[in-house]
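> Mind folding the following:
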Amino acid sequence: MGLLDGTTQKQYYDGTDKGNYQFVTLDDIISSFMVVYVGENKILSKVSRTDVQFHGMRAIQELSYDVLRSHKAYEQKVPSTLVMPLPQDYVNYTKIVRVDGEGIEKPLYPTGRTSNPFPIKQNTDASYDFDDGTGLISARGQVDTSTFPGYPYRSRTSEKFNTIEASNEDYDYNDTDYFRFDNRGRRYGLDPQHAQINGTFYIDNSTGFIHFGSDLAGVTITLKYISDGLGTDAEMLVHKFCEEAIYKHIMYGLVSGRSGIPEYIVQRFKKERFAETRKAKIRLSNIKMEEFTQVLRGISKPIK
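Coordinates of the predicted model:
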């Protein structure tokens, strides 16, 4: 006899909440932890739910960076200003690509040879100019917020980068202005990151904006980035492959921060946390043997 009757089974398998069975909420993890690990004759006799919640959120945050599937992807069109804000829950990007007319993603590579420094306004004696004697004044003035929402300033360096032509395919090799264009390594001594015409970008972390090259205006790009997994309650989900790792992270965080806990207990849960994290990472790597062997066949294929 099954655990579910016929009506319940139909609701169970025909529900609209597709694919979410693989996840468990942080609230359920906290409740289970309080029942299983806290109480009389247990390692932790008394712990507040707030402490468990704190360490649970820290566990999700740490595991989101390289274990959990916490990558997000936003498709956007680059505006004429060539400046786009980073998402609110952005931690780091994994890839930024442009999308061509066939829907194929072509990777963009960051340029490390420019930036958007703060343009300081200086007096005739080269001293800095302050507003009311407290803050530095921008030499460029305040940026029009209707054109650059939330953007505080734009330097001459940034403006010059946004006006260069990143592609050199239309220029003669004998052009006397050879070095004026963004030709780094594309004609001689190729550097792989510059041996392409997909476009470039750089991220101004101090202001929270992405700057694109001029040839990307109006182009559809996709920003793939890592979130810390704590944006909303709906995002605080843990894959069941990683559930045990969350428990061990919480337990280690609690025992390592309490007095009177024997050191061997602390070290025990430190080792268990490491082991469960490694196991979760292997499970979530989603390696399929059949797909893996197909890739290996392609690698061993001789180049003609």
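
> For the residue lying closest to Ile96 once chain neighbours are set aside, give its distance to Gln53.
Spatial nearest neighbour of Ile96, excluding adjacent residues (CB to CB, 6 or more residues apart in numbering): Leu108 at 4.7 Å. Heads up, the C-betas are built off the backbone N, CA and C, glycines and all. Here Leu108 is placed at a distance of 39 Å from Gln53 (CB to CB, to the nearest Å).

> just for the protein, where's the confidence low?
Along the chain, segments meeting pLDDT under 70 span 1-19, 69-70, 121-123, 125-153, 164-195, 231-234, 300-304.

> residues making contact with stretch 215-227?
Identification of contacts with stretch 215-227 by CB atoms under 8 Å, 6 or more residues apart in numbering yields 64-65, 70-80, 82, 86-87, 89-99, 105, 108, 165-167, 197, 199, 201, 210, 212, 235.

> 7 Å instead?
Stretch 215-227 is contacted from outside by 64-65, 70-78, 80, 82, 87, 89-99, 105, 165-167, 199, using CB atoms under 7 Å, 6 or more residues apart in numbering.

> quick one: which of the residues you listed sit in strands?
Using DSSP state E, 71-77, 90-99, 105 are the members of the contacts of stretch 215-227 that sit in strands.

> ChimeraX command for the buried members of those?
To isolate the buried members of those in ChimeraX, using 16 or more other CB atoms under 10 Å:
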select :90,93,96,97,98,105
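
> Looks to me like Tyr202 is in a strand.
Yes: Tyr202 forms part of a strand when assessed by DSSP: H, G, I helix; E, B strand; the rest coil.

> and it, what does it touch?
Taking CB under 7 Å, 6+ apart, one finds 110-111, 114-115, 211 in contact with Tyr202.

> so which of the residues you listed is the most crowded?
With neighbours defined as other CB atoms under 10 Å, the most crowded of those is His211; it has 23 neighbours.

> picking up where we left off before, what about the residue nearest to Ile96, how many neighbours?
If you count neighbours by other CB under 10 Å, Leu108 ends up with 23.

> Test my guess that it contacts Val97.
Yes: between Leu108 and Val97 there is a contact under CB atoms under 7 Å: 6.3 Å.

> now do the same end-to-end measure for stretch 106-116.
End-to-end distance for stretch 106-116, by CA to CA, to the nearest Å: 25 Å.

> Likewise for stretch 223-235?
End-to-end distance of stretch 223-235 (CA to CA): 19 Å.

> and what of stretch 108-119?
End-to-end for stretch 108-119, by CA to CA: 27 Å.

> again with stretch 276-294
Note: stretch 276-294 ends 30 Å apart using CA to CA.

> Could I get the buried residue list for that stretch?
Across stretch 276-294, burial judged by 16+ other CB under 10 Å covers 276-277, 280-281, 284.

> Repeat that for stretch 35-49.
Applying a neighbour-count criterion of 16+ other CB under 10 Å, one finds 37-38, 44, 47 buried in stretch 35-49.

> Keep only those of these that are in strands.
Among the buried residues of stretch 35-49, no member falls in strands (DSSP E).

> Tell me which other helices or strands the helix ranked longest in the chain touches.
Determined from DSSP state H, the single longest helix within the chain is helix 263-284. Contacts defined by 3 or more CB pairs under 7 Å, 6 or more residues apart in numbering; DSSP states H and E place helix 263-284 against helix 243-256.

> got the angle for the helix it packs on vs helix 263-284?
160 degrees (axes from the mean of the first three to the mean of the last three CA atoms, to 10 degrees).

> coming back round to it: would you check which pair of the buried residues of stretch 276-294 lies furthest apart?
The distance between the two most remote of those (CB to CB) is 12.2 Å, for Glu276 and Leu284.

> Identify all contacting residues around the longest helix of the chain.
By CB under 7 Å, 6+ apart, the list of residues contacting helix 263-284 from outside reads 43, 67, 69, 239, 241-242, 244-245, 248-249, 251-252, 255-256.
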